[in-house]
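A.B. asks: fold the following.
(one chain, ligands or ions: 1)
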Amino acid sequence: MIKNNWTIEEISEIYHSPVMELIFRAATVHHEYQATGEVQVCTLLSVKTGGCSEDCAYCPQAARYNTGIEAHKLMKYEEVVDKALIAKESGSTRFCMGAAWRDVKDNSDFDKVIDMVKGVNALGLEVCCTLGMLNEHQAQRLKEAGLYAYNHNLDTGEEHYDKVITTRTYKDRLQTLDNVEKAGISVCCGGIIGLGEADEDRIKLLHTLATREKHPESVPVNALVAVEGTPLEGNQKVDIWEMVRMIATARILMPKAMVRLSAGRNEMNVEQQALCFMAGANSIFTGEKLLTTPNPDFGEDKAMFKKLGLKPRASFKVEQEELVS
Ligand code: SF4
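C.D. replies: Numbers count the residues shown, from 1 in each chain. Purely as a prediction, here's the structure:
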C-alpha cells in the first residue's frame, strides 16, 4: 500500500528490524510494485566543476576546501550532447547534468543549460539536472525545455543538517523541491549516509521524504566517499549493512520510487551490490566518474548485469504506472 502518513515510530521499527526480515519485506514490496531484475542505468556528468561557494562538508567541489580538484567552467553544448550520446550508446537511459552552483542565476550560463536540456531530451533520454536552488520561474523554464527530473538532495535529517552545511537551510532545500514539483518536474531527492549522523537522523530523512504529499519519483542513496581535504575526510567507510538497511527501508516506504544505489558503489563488490538490488535498489550510475569521484565503468557494470541476470530498465517507466493501476 502506498501511504504518505508514515510515523517516525513506524519507520524506526522497519529500519531496526532484523536485516534478513527487512530485506525479505523490501523484496516483497519491490516485487509488487517494480519490475524486479530490471535496473536503470544512468549517467551523471559534471557540466561545471568546483569553485562552489557552499560549505557542504562532504563535497570536494566547495571552493573553501583544498581537495586538488580540477575546476572547470560550464562545458560547451556540443561536448555535453556528445557525452550524452556516448552514455546512451553505452546503455544509459537517464542523463543527469550537475553544476556546482549554490543556486541558479538568470544569466547566459543558465540559458546554455536550457539548450543542453533540449539537446539531451532530443536524444530520447530522461534528462535530469542538479544545479542548486531554483525559483519557480527557473523551474518552469527547465520544464519547458523538456527537463524530466530535478535532483536536489536533502542529504540527512533536519537536525543533523547544520552539522554538515551551514550556508543554507533545510527549509531552502524543501522550497526548491516545492518549486520543482509545482513546475511539473519529477523530484529526485535522497541523502548520504556516513556524514556522522545517528540512525535517528537517517530515519528522519526518510520520514521527510516518505511523508511528502507525493513521494519523490527518485530516491538516491549515497554512501559518503570521504575525500581528502574535506572536513569529513576522516569519516569511517559506510558498512554495507547500513547501506542495505537504508535502501530496504526506502523501498518499503516509497514502493513506486526509483531507489538509486549511487555514490560509494566503487568500493562495493558484486555480492554487496547484489544485496542492495535484493533490498530494492533499481538504479545505478555508471561511467568512470560520479561528478568528481571514481565510479565503476560501463564495462564492469555490463559484466555485473550478466553475472546477476539483470536487465537494463527502459526510460520513462511505463511499467510503473501499469503495475499500480
Ligand atoms: S554539494 Fe553542491 S552545493 Fe554543496 S559544495 Fe558541493 S557543489 Fe556546492
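A.B. asks: and the longest strand anywhere in the chain, which strands flank it?
C.D. replies: Ranked by residue count, the top strand of the chain under DSSP state E comes out as strand 38-48. Strand pairing for strand 38-48, using DSSP bridges, gives strand 94-99 (parallel), strand 283-285 (parallel), strand 311-312 (parallel).
A.B. asks: buried sites along that strand?
C.D. replies: For strand 38-48, burial by neighbour count (16 or more other CB atoms under 10 Å) applies to Val39, Gln40, Val41, Cys42, Thr43, Leu44, Leu45, Ser46, Val47, Lys48. Backbone N, C-alpha and C define where each C-beta goes, glycine included.
A.B. asks: check whether it contacts the ligand.
C.D. replies: No. Against the ligand, strand 38-48 shows no contacts by CB under 6 Å from any ligand atom, the least distance being 9.0 Å.
A.B. asks: any idea which helix or strand comes after that strand?
C.D. replies: Sequence order places helix 77-89 as the next helix or strand after strand 38-48, per DSSP states H and E.
A.B. asks: and that next one, how far from the chain's centre?
C.D. replies: Distance, stretch centre to chain centre, for helix 77-89: 20 Å (CA atoms, centre = their mean, to the nearest Å).
A.B. asks: which helices and strands does that helix pack with?
C.D. replies: Judged by 3 or more CB pairs under 8 Å, 6 or more residues apart in numbering; DSSP states H and E, helix 77-89 is in contact with strand 38-48, strand 94-99, helix 108-121.
A.B. asks: what's the burial count for the closest residue to the ligand within the stretch 151-300 of the chain?
C.D. replies: Closest contact between the stretch 151-300 of the chain and the ligand, by CB to the nearest ligand atom, is at Ile165 (6.8 Å). Neighbourhood size, Ile165 [other CB atoms under 10 Å]: 22.
A.B. asks: ok, the one 10 residues further on next?
C.D. replies: A count of neighbours around Gln175, defined by other CB under 10 Å, yields 16.
A.B. asks: is it in a helix, a strand, or coil?
C.D. replies: Recorded secondary structure, Gln175: helix (DSSP: H, G, I helix; E, B strand; the rest coil).
A.B. asks: do I have it right that Gly184 meets Lys143?
C.D. replies: Yes. Counting by CB atoms under 8 Å, Gly184 does reach Lys143; the two are 5.6 Å apart.
A.B. asks: have a look at these two and say which one is more surrounded.
C.D. replies: Between Gly184 and Lys143, counted using other CB under 10 Å, the more crowded position is Lys143 (17 against 11).
A.B. asks: spatially, and excluding backbone neighbours, which residue is closest to the more buried one.
C.D. replies: Ala183 (4.4 Å; CB to CB, 6 or more residues apart in numbering).
A.B. asks: where does Gly287 land on pLDDT?
C.D. replies: Listed pLDDT for Gly287 reads 70.
A.B. asks: quick check: closest non-adjacent residue to it.
C.D. replies: Closest residue to Gly287 apart from its sequence neighbours, by CB to CB, 6+ apart: Thr43 at 4.9 Å.
A.B. asks: give me the mean pLDDT for stretch 102-112.
C.D. replies: 96.
A.B. asks: what's the end-to-end length of that stretch?
C.D. replies: 17 Å (CA to CA, to the nearest Å).
A.B. asks: tell me who's in contact with Ile185.
C.D. replies: Residues near Ile185 by CB atoms under 8 Å, 6 or more residues apart in numbering: Ala139, Leu142, Lys143, Leu147, Tyr148, Ala149, Tyr150.
A.B. asks: biggest separation within those residues, which pair?
C.D. replies: Farthest-apart pair in these is Ala139 and Tyr148; separation 12.8 Å (CB to CB).
A.B. asks: assign the residue most central in space within the chain to helix, strand or coil.
C.D. replies: Nearest to the mean C-alpha position of the chain, counting by CA atoms, centre = their mean, stands Pro220 at 3.2 Å. Using three-state DSSP, the structure places Pro220 in strand.
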